[in-house]
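> Compute the structure for the input listed below.
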Amino acid sequence: MKTLYVSDLDGTLLNNKAQLTETSRGMICPLIKEGMLFTVATARSQSAIKYLRDLDVQIPSIHLNGVLIYDNKRKSYIDCVSMDTPTAQEIIRILKFFDRMSFVYTFDSECGINVAFERLTNDIERNFFEVRKNEDYKSFRQVENITAADDDKIIYFTMIDEYERLKPIYEEICRLPKAKAALYSDNYSDLYFLEIFSADATKASGVLKLKKLLGAERVVTFGDNLNDLEMLRVSDFGIAVGDAVAEVRKKADLVIGESSQDGVAKYLRDNYVP
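Presented below is the predicted three-dimensional model:
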């Protein structure tokens, strides 16, 4: 039976220092060479690519929680789910009402991802910018006023802050029929991520697209946080790492070793059959 294996990155495949350990790499790379269909589904965009290259992933991967699908052989995005302009405009209105505008992603098929922001609110966001500003983005720039015109292809909003500040924004976004929001804890701090994207884009929808594209008969997924729940739910077998949040562990078909103990790699080593 042709099985597709899909893992979240942060808090699942990566340890608590955002590292792909040599142990995990040493277990997974030989299995990929044997023909295992393995990839990732992550909230990251370009910053995920270095991990995919380290593992020599050959099949497409899911980025920005399902907004983008990246072809690791062609080194280009092959699928993008953008927002319609009225929905993007309403999201911007809500964010400005709460005085909480942050990173706004747009996509161009020729230039790739562009990121704009009005201001950075905390040290985590400042570090987020500093780490990524010199990577493969077409631009990562500060602007005076974020808007959404008809020719903009807005695909994603993301911000990092305290739960109490993000929750009311999340609740307002959830009322929009054509938008989806994910609110979940940051693996590396006490803050939370709020990510907003098209209602047609989720990790779950990305997994189903890859299943069809690759002709897989079965899907096994690995996750740790609330933005992984739908992906685990649409899988034939959904697995939580041992340090996943309680709700994910409760709803998973199986709980394995922790991310800091190479749980995903050890499961694949022990259960993959060519």
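
> quick one, phi psi at the closest residue in space to F117 that isn't next to it in sequence?
Residue nearest to F117 in three dimensions, not counting chain neighbours: F103, with 5.0 Å by Cβ to Cβ, 6 or more residues apart in numbering. For the C-beta atoms, the positions are set from N, CA and C on the backbone; glycine is no exception. Dihedral pair for F103: phi -80, psi 130, per degrees, to the nearest 10.

> and if you look at A43?
phi -80, psi -10.

> need the contact list for the closest residue to it other than its chain neighbours.
Spatial nearest neighbour of A43, excluding adjacent residues (Cβ to Cβ, 6+ apart): N65 at 5.1 Å. Contacts for N65 (Cβ atoms under 8 Å, 6 or more residues apart in numbering) come out as A41, T42, A43, A182, E195, F197, A201, T202, K203, N227.

> Just grab the bridge partners of the residue nearest to F117 for me.
T158 (DSSP bridges).

> what does R141 give?
Counting by DSSP bridges, R141 forms beta bridges with A116.

> I91 versus that one, what's the distance?
For R141, the distance to I91 (Cβ to Cβ, to the nearest Å) stands at 20 Å.

> These two: which is more packed in?
Neighbours were counted for R141 and for I91 using other Cβ atoms under 10 Å; I91 has more, 25 against 11.

> contacting residues around the one helix or strand the more buried one maps to?
Element membership of I91, judged by DSSP states H and E, is helix 85-97. Contacts with helix 85-97, where a contact means Cβ under 8 Å, 6+ apart, come from 83, 101-102, 104, 146-150, 152, 154, 157, 169, 172-173, 176, 178-179, 196, 198.

> Check those residues for burial and list the buried ones.
83, 101-102, 104, 146, 148, 152, 154, 157, 169, 172-173, 176, 179, 196, 198 (16 or more other Cβ atoms under 10 Å).

> Just the helices from the stretch 151-274 of the chain, written as ranges.
163-173, 203-214, 229-234, 246-251, 263-271 (DSSP state H, counting those that start in this stretch).

> Including distance to R74 and mean pLDDT, could the ones you listed go into TSV?
As requested, the helices of the stretch 151-274 of the chain are arranged in TSV below (distance: least, Cβ to Cβ, whole Å; pLDDT from 0 to 100):
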stretch	distance to R74	mean pLDDT
helix 163-173	33	96
helix 203-214	13	96
helix 229-234	24	96
helix 246-251	33	97
helix 263-271	25	98
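
> Nearest residue to E162 in space, ignoring adjacent ones along the chain?
Residue nearest to E162 in three dimensions, not counting chain neighbours: L191, with 6.2 Å by Cβ to Cβ, 6+ apart.
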